[in-house]
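show me the folded form of this:
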Amino acid sequence: MVSPDSFRTARWIRTLNLVLQAILFLTLFGGLNYLARNHSWRFDLTHQHRYSLSAETRAYISSLTQPSRVVVTLTPDSENLANVQAYRDISGLLREYTYASEGNPTGRITVEYLDVYKNRRKAEEYGIDSPDVVVVISGANRKALNVDDFYRVKDRQREAFIGEQTLTSALLEVTAQVRKKIYFLTGHGELNPEDVDPVRGLSSLKDQLRVRNFDVDRLDLAATRKVPADAALLIAVAPQVAYTAEEQELLRQYLGAGAGRLIALLAPGSPHGLASLLLDWGVLVDDDLVYDPGPGTMTEEGDLILRLFQPHPITQSLIDYVMPLRIGQARSVRPDPGRKLAGLTVTTLAVTSATAWGEVSYRLQRAPEYNPGYDIRNDRPGLEPPNHLGIVIASERVNVRAGLDFSVRGGRLVVFGTGDLIANNRIALPGNLDIFLNAVNWAVENQTQFNIPIRPIERFQLSLSASELSRLRSALLLALPGAALALGLIVYWTRRR
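So this is what the prediction gives:
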């Protein structure tokens, strides 16, 4: 019989003790991981709560009925430092979206990071042809977002991160059951969204609209004699033949009784037949050709460069990023000085410099020359804003109901005094695509405002003079090692005693 005091018994007891300690150790960490996975708590201790989604966003995510995928083409090793910071901001935010959607099995949100240069095939499957974009996809619907869409900019400086607003809005758009439909008017020589011609085609714009979850079709009012009920927006691009009185009346009824939306791009020298309709909306389109001899206002090819914009949702991004418009021949548009219609707001969006004038006799084969009292100039009474000729104008009607505390949204109209702003050969120019897509979003009210807090971008800067930097260097190189040496000597001397 083995004595309990023998070495063999002690060895077995010690071994059993080690095994039990290992089992308890593994059990403890296993239990902690189980609790963390199934009963976790998360606390956002950052000052601006940058890693917390608002209650409104969480409610939207919990109500999603179909899965969504977010494809990010930003990379953390980009040479553009601003895009590297954007990658960090967006990827951190997307982690919160995927975490919040875990409790909704029917509306899960997944994120995929894609390098468009290394994986061209997959990029083509998603319809992505450029880097530094974020594409939100749900079923057949998709919406592309640029990096600039995630920030609020002032004087070319990012001052706030609005990524939560942007992503939540995009998710609601792509998961919507009905896509908004845009009709391009045809039958009058308008530019064609199916045409790939660089001058007369709009195929590039059509692709941009489809990526942003719009359905695009064409409409011939002379043939249909009605505006379809699903028309969210009508677009007329550079008609060469005037619209008939019957077609103008159809548009009037659509904008008025139907609270419709219309964007018209009217090239100079071409009849449009919409004068009466535009006057109803407080807009006067002049039959002239704008010349601007000021410095930096026209190119050698005769293109007009616009750099002055009035604050408005359509022009705000151009103002923030100081982007110009470069357009071909243009005519002046302005608020009708003789009309004061109740409930109508008319805003001149883009204007020329103070040196421009509208040449009325432009059809004559002669050098342009300003003729006082005949040509249109910025000092003519009634022109707004003062001292500038308008090229882009927006009109909105708000119907105020008697006895009610709210107003009912009416129609919206945007008029461009040029016809080639969005042609295939101009759509990629800085500002051109931005202002037109902003006009589309404003017209169809694709600018949902959420009760989501905006997170200011915190910047920290350490400013040191040359002497202060020298003292800091000395402290790091001498003071800290010296302190460690002194402490060691004290310990050594203490032990010797």
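
now the spatially most central residue of the chain: closest residue in space that isn't a chain neighbour?
For the chain, the residue nearest the mean C-alpha position is Asp149 (3.6 Å; C-alpha atoms, centre = their mean). Excluding the flanking residues, the one nearest Asp149 by C-beta to C-beta, 6 or more residues apart in numbering is Thr166, at 5.1 Å. Placement of C-beta: from N, CA and C, glycine included.

beyond the lowest-mean-pLDDT helix or strand in the chain, next helix or strand please.
None of the helices or strands of the chain scores lower by mean pLDDT, DSSP states H and E than strand 455-456, at a mean of 64. Next helix or strand after strand 455-456 toward the C-terminus (DSSP states H and E): helix 466-474.

check which element follows that next one along the chain.
helix 480-496.

now for Ile128: which residues touch it?
Val71, Thr73, Leu114, Val116, Val135, Ala144 (C-beta atoms under 8 Å, 6 or more residues apart in numbering).

now do stretch 166-178, average pLDDT.
The pLDDT scores in stretch 166-178 average 83.

stretch 280-289 too?
92.

not counting it itself, show me its contacts.
Against stretch 280-289 from outside (C-beta under 8 Å, 6+ apart): 252, 255-256, 266, 268-269, 272, 274-275, 278, 329-337, 339, 341, 344, 346, 358-360, 362, 368, 375-376, 393, 395, 397, 411, 413, 415, 417.

among these, name the ones in strands.
Using DSSP state E, the members of the contacts of stretch 280-289 that fall within strands are 333-335, 344, 346, 358-359, 376, 393, 395, 397, 411, 413, 415.

of these, which is the most crowded?
With neighbours taken as other C-beta atoms under 10 Å, the top of these is Ile393, carrying 28 neighbours.

how far away is that one from Leu266?
Going from Ile393 to Leu266 by C-beta to C-beta, to the nearest Å gives 11 Å.

between the two, which contacts overlap?
Val333, Val415.

list the contacts of Arg212.
So Arg212 contacts Lys143, Ala144, Leu437 (C-beta under 8 Å, 6+ apart).

sorry, back to before: would you reformat the ones in strands among the contacts of stretch 280-289 as TSV and include pLDDT and distance to Ala123?
Output for those, formatted as TSV (pLDDT from 0 to 100; distance: C-beta to C-beta, whole Å):
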residue	pLDDT	distance to Ala123
Val333	94	41
Arg334	89	45
Pro335	89	46
Leu344	87	46
Val346	91	44
Gly358	90	46
Glu359	91	48
Ile376	86	49
Ile393	95	39
Ser395	94	41
Arg397	87	43
Gly411	91	40
Leu413	96	38
Val415	97	38
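
ok, those vs Leu32, which is closest?
Nearest to Leu32, judged by C-beta to C-beta, of the ones in strands among the contacts of stretch 280-289 is Gly411 at 61.6 Å.

ok, that closest one to Ile422 distance?
For Gly411 relative to Ile422 (C-beta to C-beta), the value is 22 Å.

just Leu18 next, same as before
Taking C-beta to C-beta, one finds Leu18 at 77 Å from Ile422.

between those two, who's got more neighbours?
Ile422 (28 against 10).

so the more buried one, which of the three states?
coil (DSSP: H, G, I helix; E, B strand; the rest coil).

quick check: it touching Leu205?
Yes: taking contacts as C-beta atoms under 8 Å, Ile422 lies within contact range of Leu205: 4.9 Å.

quick one: the strands in the stretch 201-350 of the chain?
Taking DSSP state E, counting those that start in this stretch as the criterion, the stretch 201-350 of the chain contains strands spanning 215-219, 231-237, 261-265, 283-285, 289-291, 304-306, 308-309, 325-327, 333-335, 344-351.

may I see these organised as a markdown table, with distance to Ala100 added?
Listed next are the strands of the stretch 201-350 of the chain as a markdown table, based on distance: least, C-beta to C-beta, whole Å:
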| stretch | distance to Ala100 |
| --- | --- |
| strand 215-219 | 30 |
| strand 231-237 | 30 |
| strand 261-265 | 34 |
| strand 283-285 | 46 |
| strand 289-291 | 52 |
| strand 304-306 | 43 |
| strand 308-309 | 38 |
| strand 325-327 | 40 |
| strand 333-335 | 46 |
| strand 344-351 | 38 |
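
related to what we said a few turns ago, and the residue nearest to Asp149, how close does it get to Tyr151?
9 Å.

looking at the two, which one has more neighbours?
More neighbours surround Thr166 than the other of Thr166 and Tyr151, with 23 against 20 (other C-beta under 10 Å).

check which helices and strands the host helix or strand of the more buried one sits against.
In this assignment (DSSP H and E), Thr166 forms part of helix 163-174. Here helix 163-174 touches helix 55-62, strand 68-72, helix 81-100, strand 133-138, strand 141-146, going by 3 or more C-beta pairs under 8 Å, 6 or more residues apart in numbering; DSSP states H and E.

do that again at 10 Å, thanks
helix 55-62, strand 68-72, helix 81-100, strand 133-138, strand 141-146, strand 151-154 (3 or more C-beta pairs under 10 Å, 6 or more residues apart in numbering; DSSP states H and E).

quick check: angle from that helix to strand 133-138?
Orientation of helix 163-174 against strand 133-138 (axes from the mean of the first three to the mean of the last three C-alpha atoms, to 10 degrees) gives an angle of 40 degrees.

what's the pLDDT at Ser3?
The confidence metric pLDDT takes the value 59 at Ser3.

can you give me the buried ones in stretch 168-181?
Thr168, Ser169, Ala170, Leu171, Leu172, Glu173, Val174, Thr175, Arg179, Lys180, Lys181 (16 or more other C-beta atoms under 10 Å).
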